[in-house]
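A.B. asks: whatever this is, show me its structure:
(2 chains)
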Amino acid sequence: MKRIIKKLFLKNPVGLLSGVILVAYILIAVLAPFIAAPKPGRSPYEIPRDGFMVTPRGPSAEHWFGTAEGQYDIFYGVVWGTRTAFKIAGVVVSCGFLLGIAIGGVSGYFGGAVDEITMRITDIFLSFPFLLAAMVLATVLGKGLVSMIIALVVFRWMTYARLVRSEVLSLKQVTFVEGARAIGASHTRILVRHILPNCIYPALIQMSMDIGRVVMSASALSFLGLGVEAGYADWGQLISLARNWLLGGSRGAFEYWHTVVFPGGVLFLFVLSWNILGDALRDVFDPRMRGVF
Amino acid sequence: MWTYIVRRLILFPITLLGLSILVFSLSAFLSPQERLMAYIHSPLQVRGPEVVSQLIEKHGLNDPMPVQYWRWLRGVLRFDFGFSTTAQETVAQALLRRLPATVELVLISLIPILVGGLVLGVTSAAHHNKPLDHTTRMIAITGWSMPTFLLAILIMMLFYGHLEWFQPGRLSYWAKDIVLSADFARYTGMNVLDGVLNGRWDIVADALRHLAMPALSMILVDWASLCRITRSSLLEALNQDYVRTARAKGQTERKVVYRHALRNALLPTVTFGGMLIAWLMAGVVITETIFNYEGIGSFAAKAAARLDFAGILGFAMFFGVLMITMNLLVDLGYAYLDPRVRLD
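C.D. replies: Next comes the predicted model:
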């Protein structure tokens, strides 16, 4: 463990920086009620509005990051949007991971016709680019956070399934599995106790690399109007509120810069940090890929 | 090799069938009223609630799902996806009309991505763990982490809002008048190509000016992925025994990298090149929407936002077929290039 931490952070300044940034995001998510106190009696994920004027207002002492179209407080949305991001990423990635492990494990372990059919189904699900597939499903399921999460999960298990399958294929020939079979262990026991724990690392690395991607796609869906409900604290939603103000106003093109830069910057930094961490993890755990992205 | 090709060709229709089941099962989430639009061809057909229930009866939308699937599939095979409320025409017409614009955008973006991604990936790998490599890696991972819609918005703010160099849309008003007039022959529907074929260079210039911003936002994002893949596959090749042999016999580093390793390393890049078109096609949904560029991507986004179910399911089916065909071509190309695959 010490060796891993040393390689991951101490020898890698960029990895360290991304780690620090991610810890900051976690702190913001955990401490959200203290950083931006929700109005009593309202759902904390509902961004408070200061009036109903359409035109966004710039940063001020009252609204640190300014307000978006419809006077939604951007600072509040950014802080609670961090929780939304972790919530979406957590649910989507862990569900995708579990589904993938189950499907890939069974497929690789039993082989033959089961394997062939499962892998062809996987191919069909993979034939759609992730964002488009999720977009179509989210449309059909109807707008909202839950249907967006379902849509993302349904198209996020395939990479894990393929990864686990290939690990299982190579592991099932190994002596300790043969030994377990020789003493009469059941299929379930061999798969769950002997094989799966040994192929969890590559899937974990994949998870860390997926978190950024899932949050990015979720924001894109919100931006297209297929994500969370209006007024829900979410980075993509805040950026989509900036859409009508991109070209600025009487005081130059960048008059409403704050409506894009704050939520956009927070989203970008989040995705970037997870991607760098995923890279660093892959460097440490997969010596074959050392130094490769 | 023939076994491999035959196997892939047999699997192709099966995969398409699976795709159609997947898309159809999506529509099972909808009510018969919502599904109805996939079966009609003009809004004039639907007038009043009685007509709607008559039509639902007529098209058997309350029948068991397998029966409905068969009926729907027969329509799809005739390229009939119903009527799109977003486009106010049939889904097939809407898709075909918008396809050239999207193809044009994807093709224009493709060349800079391939050239830039390859050159940087190779440079980065050849200078492994040197400052140049680290810089390229950082730029690539930054580009890779940039959400397309955010990048497109920033480009829009800078080039359209602030500098006023480029405009959204596909053509300026004056150019649109010329293109739609009788004197201008529409060979392909792609403005740049048609402009060249008609000898109207002013149209070509105007079309390129409108393509610049959306193309740039797609280039910057996908270029990073290609750079990553080229770099890692070249590094892997550089670790192989035959590279050590080449070095041992005193070959120059230049020749080792470009002659021996690069040739073998380019194979994954070829696969990616095929997938790249798919990725670009996915990127167009966001890019076209932001730049108000009328292609199938912005059509899909609009259809999704306005709950135009026939439109979105037709798009899914159309797009899925496109992707699966592309995958087949890439796999066959790969088998031709890499003998190891054929033995599989």
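
A.B. asks: in what helix or strand does residue A:37 lie?
C.D. replies: For residue A:37, there is no helix or strand it lies in under DSSP states H and E.

A.B. asks: find me the pLDDT at it, would you?
C.D. replies: If you check residue A:37, the pLDDT there is 80.

A.B. asks: mind listing what residue B:268 touches?
C.D. replies: B:229, B:233 (C-beta atoms under 8 Å, 6 or more residues apart in numbering or on different chains). C-beta: built from backbone N, CA, C; applies to glycine.

A.B. asks: nearest to chain B: which residue in the stretch 151-293 of chain A?
C.D. replies: For the stretch 151-293 of chain A and chain B, the shortest gap (C-beta to the nearest C-beta) falls at residue A:253, measuring 3.4 Å.

A.B. asks: contacts only, for that residue.
C.D. replies: By C-beta under 8 Å, 6+ apart, residue A:253 lies in contact with A:247, B:157, B:158, B:161, B:162.

A.B. asks: how near is the second one to chain A?
C.D. replies: Taken as C-beta to the nearest C-beta, to the nearest Å, the spacing of residue B:157 relative to chain A amounts to 5 Å.

A.B. asks: what's the burial count for that residue?
C.D. replies: 22 (other C-beta atoms under 10 Å in any protein chain shown).

A.B. asks: then the third one?
C.D. replies: Using other C-beta under 10 Å, the number of residues around residue B:158 comes to 15.

A.B. asks: got the contact list for it?
C.D. replies: residue A:253.

A.B. asks: on the three-state scheme, it is what?
C.D. replies: helix (DSSP: H, G, I helix; E, B strand; the rest coil).

A.B. asks: report pLDDT for it.
C.D. replies: Listed pLDDT for residue B:158 reads 87.

A.B. asks: please name the nearest non-neighbouring residue to residue B:165.
C.D. replies: Excluding the flanking residues, the one nearest residue B:165 by C-beta to C-beta, 6 or more residues apart in numbering or on different chains is residue B:159, at 5.0 Å.

A.B. asks: residue B:153 is in contact with that neighbour, correct?
C.D. replies: No. Counting by C-beta atoms under 8 Å, residue B:159 stays clear of residue B:153, with 11.4 Å between them.

A.B. asks: and those two? Which one has more around it.
C.D. replies: residue B:153 (23 against 17).

A.B. asks: okay, and the more buried one sits in which element?
C.D. replies: Going by DSSP H and E, residue B:153 is part of helix B:148-155.

A.B. asks: residues of the stretch 51-200 of chain B that sit close to chain A?
C.D. replies: Contact residues (C-beta under 8 Å from any C-beta of the partner chain) of the stretch 51-200 of chain B with chain A: B:128-129, B:137-138, B:140-142, B:144-150, B:153-154, B:156-158, B:160-162.

A.B. asks: circling back: list just the nearest of the contacts of residue A:253 to residue A:23.
C.D. replies: Lowest distance from residue A:23 to the contacts of residue A:253 (C-beta to C-beta) belongs to residue B:157, with 31.5 Å.

A.B. asks: which one is the closest one nearest to, not counting chain neighbours?
C.D. replies: residue A:246 (5.3 Å).

A.B. asks: what is the neighbour count of the one you found?
C.D. replies: Residues lying near residue A:246 (other C-beta under 10 Å) number 20.

A.B. asks: next one: phi and psi at the residue in the stretch 1-150 of chain A positioned nearest to chain B?
C.D. replies: Residue nearest to chain B within the stretch 1-150 of chain A: residue A:129 (3.2 Å; C-beta to the nearest C-beta). The phi/psi pair for residue A:129 (degrees, to the nearest 10) reads phi -60, psi 140.

A.B. asks: let me know the pLDDT of it.
C.D. replies: 81.

A.B. asks: before we move on, what about residue B:343?
C.D. replies: The predicted local confidence for residue B:343 is 53.

A.B. asks: next: residue A:79.
C.D. replies: Value for residue A:79, per-residue pLDDT: 92.

A.B. asks: again with residue B:340
C.D. replies: 66.

A.B. asks: where along the stretch 1-150 of chain B do the helices fall?
C.D. replies: Assigned helices in the stretch 1-150 of chain B, in chain order: B:2-27, B:32-36, B:48-58, B:65-77, B:91-126, B:131-144, B:148-155 (criterion: DSSP state H, counting those that start in this stretch).

A.B. asks: so what's residue A:234 up against?
C.D. replies: The contact partners of residue A:234, by C-beta under 8 Å, 6+ apart, come to A:77, A:81, A:84, A:85, A:218, A:219, A:222, A:227, A:228.

A.B. asks: then residue B:303?
C.D. replies: So residue B:303 contacts A:139, B:84, B:86, B:87, B:311, B:312, B:315 (C-beta under 8 Å, 6+ apart).

A.B. asks: can we see that at 6 Å?
C.D. replies: By C-beta atoms under 6 Å, 6 or more residues apart in numbering or on different chains, residue B:303 lies in contact with B:86, B:311, B:312.

A.B. asks: need the contact list for the residue of the stretch 1-150 of chain A closest to chain B.
C.D. replies: Residues near residue A:129 by C-beta under 6 Å, 6+ apart: residue B:282.
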